[in-house]
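> just a sequence and a predicted model for now, questions to come.
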Amino acid sequence: MAYRIGTRGSALATTQTQWVADAMSDEHTAFEQVIIKTKGDVTTGSLANLGGTGVFATALRQAVIDGEVDMAVHSLKDLPAKQPAELHIAAIPARADVRDALCAANGMTLETLPKGAKIGTGSPRRVAQLLAYRPDLEMIDIRGNVQTRLARVAGYEHHHDNAPAAAGSPKGDLDAVVLACAGIDRLGMDWAITERIDPDIMLPAPGQGSLAIEIAANKTLDAPLANALAAHQDTGARLEATAERALLATLEAGCASPIGALARFVNGTLHLDAVVAAMDGSKTIRRQASTTLDESAVTEATSDAAYALGVEVAQMMIDDGADLLPPGPARGTR
Ligand SMILES: NCc1[nH]cc(CCC(=O)O)c1CC(=O)O
């Protein structure tokens, strides 16, 4: 029996999906990846013009709904907070490093970057939190896959042994770029990271570092598939994702500013830390709360408690004026 796993075609997406396919395959059951071309992959314009959130996932999700593939692997943070009725997140495997990565020239860190250093990122969340910490930095809006972005860092070409940067995009013109640690680590390019940014300075995007295995909601799972999915469900990652996405869903309803959120499930306690920030870094609203769960499993009770924690922290932030902060650009790159 062979199951088909849909994936985007980027190096990161195929690396992630192959990891899932290899992990789920055994001597009786094979999982193979099928690359689905998405609008986000074929368009070079600014993501904001494509309708923002979810653009990377749309074609892939359609392939799942149409039964062209049995499931899809996504980066969880690329999925909109509101889950479509046709699709179900069947499993969230163990989470990678949740932090953002500073990838700077000459081994520089947030402490040692010179005044006015040029930092590339396309993420309003990263811009806002970096400016809150270092208002002197010059933020440059950049696009493209992980390799293309890393190629913007001065001196990068001396290390570069992976896929070449996209033709025509500038190279070596920035002091640093900020990316997710998870993606760089999965690509085996961790040498490019000069600082794993402490979440006290920068909270990641909701879901960052987690993969989501999505299936059609009406699909009847046969036993080998149900077993493989259950075996790759990580309790902590699932509860953390539930809290972070509940916060995102609650805030998105009324607040257009960049959002960071990080939940951690440790010894039966789920802790959620979140921020909403003005794009220029002039104001941040940051709140946290915890809840003790009765058991360390993904059950209706623990899922509901995780969701309630996300709503609670979001409500605290709205009470503090999160909805009054000036809006950032349309959210698309988190
Ligand atoms: N928006 C693109 C995207 N989606 C997931 C990741 C990284 C992997 C992850 O966070 O799981 C990235 C690149 C980045 O932000 O550096």
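Sure thing, it's come through.
> can I get the one helix or strand residue 263 maps to in PDB? Just the C-alpha atoms.
Per DSSP states H and E: residue 263 is located in strand 259-266. Listed next in PDB are the C-alpha coordinates belonging to strand 259-266 (Å, rounded to 0.1, in the frame of the first residue of the first chain):
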ATOM      1  CA  ILE A 259       1.300  39.000  16.200                       C
ATOM      2  CA  GLY A 260       3.900  36.700  17.900                       C
ATOM      3  CA  ALA A 261       2.900  33.800  20.100                       C
ATOM      4  CA  LEU A 262       4.700  30.900  21.800                       C
ATOM      5  CA  ALA A 263       3.100  28.200  23.900                       C
ATOM      6  CA  ARG A 264       5.200  25.700  25.800                       C
ATOM      7  CA  PHE A 265       3.800  22.500  27.300                       C
ATOM      8  CA  VAL A 266       6.100  21.400  30.300                       C
END
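> can you give the strand pairings for the following helix or strand past that strand, parallel or anti for each?
Once strand 259-266 ends, the next helix or strand along the chain (criterion: DSSP H and E) is strand 269-277. Note on strand 269-277: by DSSP bridges, its sheet partners are strand 259-266 (antiparallel), strand 284-292 (antiparallel).
> dump strand 269-277 to PDB, restricted to CA.
Extracted C-alpha coordinates of strand 269-277, given in PDB (Å, rounded to 0.1, in the frame of the first residue of the first chain):
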ATOM      1  CA  THR A 269       1.400  23.000  32.400                       C
ATOM      2  CA  LEU A 270       0.600  24.900  29.200                       C
ATOM      3  CA  HIS A 271       2.100  28.300  29.200                       C
ATOM      4  CA  LEU A 272       1.300  31.000  26.500                       C
ATOM      5  CA  ASP A 273       3.300  34.100  25.800                       C
ATOM      6  CA  ALA A 274       2.100  36.500  23.100                       C
ATOM      7  CA  VAL A 275       2.800  40.000  21.700                       C
ATOM      8  CA  VAL A 276       1.100  42.500  19.400                       C
ATOM      9  CA  ALA A 277       3.400  45.200  18.200                       C
END
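> and that strand, which residues are buried?
Buried positions in strand 269-277, judged by neighbour count with 16 or more other CB atoms under 10 Å: 270, 271, 272, 273, 274, 275, 276, 277. To be clear about C-beta, it is placed using only N, CA and C from the backbone, and glycine gets the same treatment.
> cool, stretch 76-89 as well?
76, 77, 78, 79, 80, 81, 87, 88, 89.
> need these in TSV (columns: distance to the ligand, secondary structure and pLDDT).
TSV is the format used below for the buried residues of stretch 76-89 (distance: CB to the nearest ligand atom, whole Å; DSSP: H, G, I helix; E, B strand; the rest coil; pLDDT from 0 to 100):
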residue	distance to the ligand	secondary structure	pLDDT
76	7	helix	96
77	5	helix	95
78	5	helix	92
79	10	coil	93
80	13	coil	91
81	15	coil	92
87	18	strand	97
88	20	strand	97
89	14	strand	97
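> nearest to residue 199 among those?
residue 77 (14.6 Å; CB to CB).
> surely the closest one and residue 183 touch.
No - look at residue 77 against residue 183 with CB atoms under 8 Å: they stay out of range, at 10.1 Å.
> show me the subset of the buried residues of strand 269-277 that also lies near the ligand.
Among those, no residue sits close to the ligand (CB under 6 Å from any ligand atom).
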